[in-house]
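J.: With the sequence up front, the predicted model follows.
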Amino acid sequence: MPRVLDQAIARSTRFLPRPLVHRVAKRYIAGERLEDALATVRGLAAVGCVATIDILGEHVTSREQAAATRDAYKEALARLAADGLPSGISAKPTALGLGTDPAFCLANLQELAAAAAARGRFLRVDMEESTYTSATLDLVEQLHRDHANVGAVVQARLRRSEADIERLLPDGISVRLCKGIYEEPPEIALQGFQEIRENYLRLLDRLLAAGCFVGVATHDSFLVDQALVLVRRHGIPEGRYEFQMLMGVGEPLRARLVAAGHRVRVYVPYGRDWFGYSLRRLQENPRMARQIALGLLPGKR
Ligand code: FDA
């Protein structure tokens, strides 16, 4: 099936019935409860991976919701420490109030950064739509002044990212480099598959050359291989970079990296608010979206 058709189907995933989305997106999510996430992290540790836990949810509209998410993260940190599990946390600013009350969001993140630091854990501040990029980087910069265990995410898709990393580098802020999942207009974002790849490698080269700790977050085997070339070329020692992948994606590539002795961190989402995250994963996976769409057609079930 032509790629454009795949893409059209992928875009239409938001019209799919929730139970169906849940059924096919289960592989991307640990479960609804903290216990599910802890069990997943334990399983990943058994195969040589570390993790970062994400509590599902975004764009909250009330202080109560944001505070509940903050408290759930604190509980997760306490349990990770008590159980001796190798995982940090990843948090979306809009789940902690960025969209409605930026000062409250900062206070929530400060609490989480302190709670994570007390347990020797890392807090990665996820990057959302471009409307939040500047505000999110501001948050990370402010947090990093008091908490070295806080890092940023940069999206290779965005035209502004080159300038953003120049802003983060002098402070030694760790960067997770990803392609970027949110659809953005051509004025601010690269659209072509190859040009996003090229920008990814340009940014990665710059980050590694400057001695930044980079989380190479991709399942694109071409980028992974090129990243390994850059790591060697810059003589980056073990412990100054890691690969990062999403739960349920790219397991053979993940296993190859672990077997070769590289650190691989897996992003483990859990919680009740699974719909938005699941749709984004399905949109990245046109083959699966197509199978669902065909399965929905009369006579094809
Ligand atoms: P690409 O999409 O080209 O995928 C490469 C290959 O991986 C595909 O050919 C396919 O085989 C496989 N694959 C990818 N996605 C799949 C899926 N859902 N199901 C099945 N197979 C799949 N984005 C963002 O905007 N803000 C953020 O904070 C983060 N955080 C983040 C953390 C981590 C640990 C990762 C790995 C990724 C993110 N992302 C993100 C998402 C990222 O921007 C990007 O959308 C995805 O990683 C997919 O891009 P790839 O680089 O994997 O390439």
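T.: Yep, it's here. Residues are numbered from 1 along each chain as shown.
J.: quick one: low-confidence parts of the protein?
T.: Residues of the chain meeting the criterion pLDDT under 70: 1-11, 286, 288-301.
J.: go with 80
T.: Low-confidence regions of the chain, defined by pLDDT under 80, span residues 1-16, 285-301.
J.: which parts of it sit against the ligand?
T.: Applying C-beta under 6 Å from any ligand atom, we find that the chain lies next to the ligand at 126-127, 153, 155, 178-182, 217-220, 244-246, 249-250, 267, 281, 284-285. (C-beta placed from N, C-alpha, C; glycine too.)
J.: Return the subset of those lying in strands.
T.: Using DSSP state E, the subset of the residues of the chain next to the ligand located in strands is 153, 155, 178, 217, 244-246, 267.
J.: Who wins on neighbours among these?
T.: Scoring these on neighbours with other C-beta atoms under 10 Å, the highest-scoring entry is Gln155 at 27 neighbours.
J.: Run a quick neighbour tally on the closest residue to it other than its chain neighbours.
T.: The shortest distance from Gln155 to any non-neighbouring residue, by C-beta to C-beta, 6 or more residues apart in numbering, is to Gly180 (2.9 Å). Gly180 is flanked by 23 other residues according to other C-beta under 10 Å.
J.: is it true that Gly180 touches Asp164?
T.: No: in this structure Gly180 lies outside contact range of Asp164 using C-beta atoms under 8 Å: 11.8 Å.
J.: How many neighbouring residues does Leu99 have?
T.: Not quite, residue 99 is Gly, not Leu. Using other C-beta under 10 Å, Gly99 is surrounded by 19 other residues.
J.: That one and the ligand, how far apart?
T.: Between Gly99 and the ligand the computed distance is 16 Å (C-beta to the nearest ligand atom, to the nearest Å).
J.: what phi and what psi does the backbone show at that residue?
T.: Gly99 adopts backbone torsions of phi -70, psi -30, taken as degrees, to the nearest 10.
J.: Need the nearest residue in space to it, chain neighbours excluded.
T.: Closest to Gly99 by C-beta to C-beta, 6+ apart is His59, at 5.6 Å.
J.: returning to that earlier point: tell me the phi and psi of the residue nearest to Gln155?
T.: phi 100, psi 120.
J.: Run through the residues that contact it.
T.: 127, 155-158, 189, 196 (C-beta atoms under 8 Å, 6 or more residues apart in numbering).
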